[in-house]
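Engineer: sequence plus predicted model, see below.
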Amino acid sequence: MCLSIPSKVVSIDTEQNIATVDTMGIQRTAGLDLMEEGTVAIGDYVLLHIGFIMNKIDEEDALESLRVYQEILEKLDEEDRRQMVLDDDNCPVREAP
Amino acid sequence: MSSLELKDLYDGFRNPEVIKSFQKLIAAEAEKLGRTVNIMEVCGGHTHTIMKYGLTQLLPENINFIHGPGCPVCIMPKERIDHAYTLAMQEDVILLTLGDMIKVPGSHGSLQDARAKGADVRYVYSPMDALKVAEENPTKKIIFFAIGFETTTPMSAALLDVVIKRDIKNIFFHINHVTVPEVMKELIDSRDEHVNSYDHRIDAFIGPSHVSVISGSKIYAVFPEHYRIPVVVAGFEPVDVMEAIYMMIKQFNEGRSDLEIQYKRLVSQEGNLKAQALIEKYFEKVDLFKWRGMGNVPNSGLKLRDAFAPYDAEVLYKEVLPYDEIDDHKLCICGDILRGFAKPQQCSVFGTACKPSSPLGSCMVSSEGACAAYYKYGNLL
Ligand code: SF4
């Protein structure tokens, strides 16, 4: 019951203190009771749990993580390529004949 | 990557290539360890991720997972389920609850069984659904059987807040909220019958995701500071878990025991202060809460503050509620599993007498429990 899903805020009803959010194409409403007034805006990414917005997703931090992952991938890729060159240098098949 | 798409928030943290690269990084660090480390993922959501994505298979042999007690449905003792059952059987009551709670057997049966006997038990998606039920049934007493960790406690508080503000007369609460750091402490401190000492098996904790969104990482400060046990708060996606493990092993290799946050996009040290204020306003600690599979854990449960007793179903129905102690099933070794001394397959009734459809013990109750996760995802270990 704890697997909350990231969603995007599409509209806000200040009267009722609820937001409409999009979760992978599904629209639902969620209570803003746990968020300080005025801190959630249209377009924000948020985390929902049992009908409430629990918190906003920090875009900078999410992007930073994804950037780091990309760097790791590239670095390991490069190491793999280098290893291939080294392996090729020592290729036993080439020396065979 | 200039701006963030919703898709990135899913795919970016599930990317198989990234998982593989963390696998390599972890393997290289783990080789330097020279020993086995036992990592407890406290939260059932992490257990689910680890089993679903087969992460145990991606990790070197010297990294061992201990699956923790962090599934709110699993830890609910039969005594409390019997309370819910008794309340549901009262003539003018509609009992509402969340999640798999409805399926879990107490000593007379589950809430589902109560429903079969004519009780009005309903599953709700959100506590706020109680408002509609109350409006549609003005002559009934609507009792919200509130369960969950810090993650769900503020939502119960928010409902009570609305009930009080709108002066709604027919919504009541049966509170079963529990707190995570206390049970983590218990897992370390409790005397262990196997080794007859205070030894514990846990070398590091993966901190729960959404408990921490609400409470902030500060609630775990005691573990690195006092017990020298590292904590890394991680998100629920497989990349999150792999990165957290990498961070943890680096801590071991560098001789550190720190509190770190991997799940930075949602967790801060402070957490959601408004939610914390709501909890503080309406709830206070109880001395002991009995956890299924774990026994009594000091200071780990919450109740409504005395000022809100008129909304407390446990106070209102004091005369009819049962208070007998009920032991866990004799064959069940959930307690050992939670403490890291056994794996689910070592239980003599795993998958035979105990299955998700007919659980004997707590770990089989919800898909977030260790035994249920092993059952569902096969013998991966
Ligand atoms: S298989 Fe069932 S009885 Fe055995 S430890 Fe798990 S929950 Fe308990």
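Structural biologist: Ah, there it is.

Engineer: B:Val267 contacts B:Ile214, correct?
Structural biologist: No - using CB atoms under 8 Å, B:Val267 makes no contact with B:Ile214, being 9.4 Å away. In this view, the C-beta of every residue, glycine as well, is placed from N, C-alpha and C.

Engineer: any figure for the gap between the residue most central in space within chain A and chain B?
Structural biologist: The centroid of chain A falls nearest to A:Ala62 when counting by CA atoms, centre = their mean (5.6 Å). Using CB to the nearest CB, to the nearest Å, A:Ala62 is found at 4 Å from chain B.

Engineer: helix or strand: which one has the closest residue to that residue other than its chain neighbours?
Structural biologist: Leaving aside its sequence neighbours, A:Ala62 sits nearest to B:Arg265 (CB to CB, 6 or more residues apart in numbering or on different chains; 4.1 Å). If you go by DSSP states H and E, B:Arg265 is not part of any helix or strand.

Engineer: distance check, the closest residue to B:Met89 other than its chain neighbours against chain A.
Structural biologist: Excluding the flanking residues, the one nearest B:Met89 by CB to CB, 6+ apart is B:Ala119, at 5.3 Å. Computed as CB to the nearest CB, the B:Ala119 to chain A distance reads 22 Å.

Engineer: taking chain A, what residue is nearest to chain B?
Structural biologist: In chain A, the residue that lies nearest chain B is A:Gly51 (2.6 Å; CB to the nearest CB).

Engineer: just to revisit the earlier point, now for the host helix or strand of the residue nearest to the centre of chain A, which elements pack on it?
Structural biologist: Per DSSP H and E, A:Ala62 falls inside helix A:59-89. Helices and strands touching helix A:59-89, as assessed by 3 or more CB pairs under 8 Å, 6 or more residues apart in numbering or on different chains; DSSP states H and E, comprise helix B:6-11, helix B:16-33.

Engineer: what mean pLDDT does that helix get?
Structural biologist: Mean pLDDT, helix A:59-89: 88.

Engineer: list the buried residues in it.
Structural biologist: A:Glu59, A:Asp61, A:Ala62, A:Leu63, A:Ser65, A:Leu66, A:Tyr69, A:Ile72, A:Leu76 (16 or more other CB atoms under 10 Å in any protein chain shown).

Engineer: also stretch B:51-66?
Structural biologist: Within stretch B:51-66, the residues scored as buried using 16+ other CB under 10 Å are B:Met51, B:Tyr53, B:Leu55, B:Leu58, B:Leu59, B:Ile63, B:Asn64, B:Phe65, B:Ile66.

Engineer: bridged to the last one, which residues?
Structural biologist: By that I understand B:Ile66. Using DSSP bridges, the bridge partners assigned to B:Ile66 are B:Met40.

Engineer: ok, which residues in the stretch 201-350 of chain B are in contact with chain A?
Structural biologist: B:209-210, B:213-214, B:236, B:239, B:243, B:264-266, B:272, B:274-275, B:278 (CB under 8 Å from any CB of the partner chain).

Engineer: lowest-scoring secondary structure element of chain B by mean pLDDT?
Structural biologist: Least confident helix or strand of chain B, by mean pLDDT, DSSP states H and E, is helix B:334-339 with a mean of 82.

Engineer: for the helix or strand just after that helix, which positions count as buried?
Structural biologist: The first helix or strand that comes after helix B:334-339 along the chain, using DSSP H and E, is helix B:370-377. For helix B:370-377, burial by neighbour count (16+ other CB under 10 Å) applies to B:Ala370, B:Cys371, B:Ala372, B:Ala373, B:Tyr374, B:Tyr375, B:Tyr377.

Engineer: quick one: contacts of helix B:370-377?
Structural biologist: B:47-48, B:50-52, B:54, B:67, B:334, B:337-338, B:343-345, B:347, B:350-351, B:354-356, B:359, B:361, B:363-367, B:380-381 (CB atoms under 8 Å, 6 or more residues apart in numbering or on different chains).

Engineer: buried ones from the residues you listed, can you make that a PyMOL selection?
Structural biologist: To isolate the buried members of the contacts of helix B:370-377 in PyMOL, using 16+ other CB under 10 Å:
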select buried, chain B and resi 47+48+50+51+67+334+337+338+343+344+347+350+354+356+359+361+363+364+365+366+367
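
Engineer: before we move on, what SS does the nearest residue to B:Ala157 once chain neighbours are set aside have?
Structural biologist: With CB to CB, 6+ apart as the criterion, B:Ala157 has its nearest non-adjacent residue at 4.0 Å, and that residue is B:Leu278. Recorded secondary structure, B:Leu278: helix (DSSP: H, G, I helix; E, B strand; the rest coil).

Engineer: picking up where we left off before, please list which of the contacts of helix B:370-377 also come close to the ligand.
Structural biologist: By CB under 6 Å from any ligand atom, the members of the contacts of helix B:370-377 lying near the ligand are B:Cys334, B:Ile337, B:Pro344, B:Cys347, B:Phe350, B:Cys354, B:Pro359, B:Gly361, B:Cys363, B:Met364.

Engineer: how far away is the residue nearest to the fifth one when sequence neighbours are not counted from B:Lys376?
Structural biologist: This means B:Phe350. Nearest residue to B:Phe350, sequence neighbours excluded (CB to CB, 6+ apart): B:Pro344, at 5.3 Å. Using CB to CB, to the nearest Å, one gets 11 Å for the distance from B:Pro344 to B:Lys376.

Engineer: next: A:Met84.
Structural biologist: Applying CB to CB to A:Met84 and B:Lys376 gives a distance of 40 Å.

Engineer: and the closest residue to the ligand within the stretch 1-150 of chain B, how far is that from B:Cys354?
Structural biologist: Of all residues in the stretch 1-150 of chain B, the one sitting closest to the ligand is B:Cys74 (8.4 Å; CB to the nearest ligand atom). Distance, B:Cys74 to B:Cys354, using CB to CB: 13 Å.

Engineer: alright, calling it a day.
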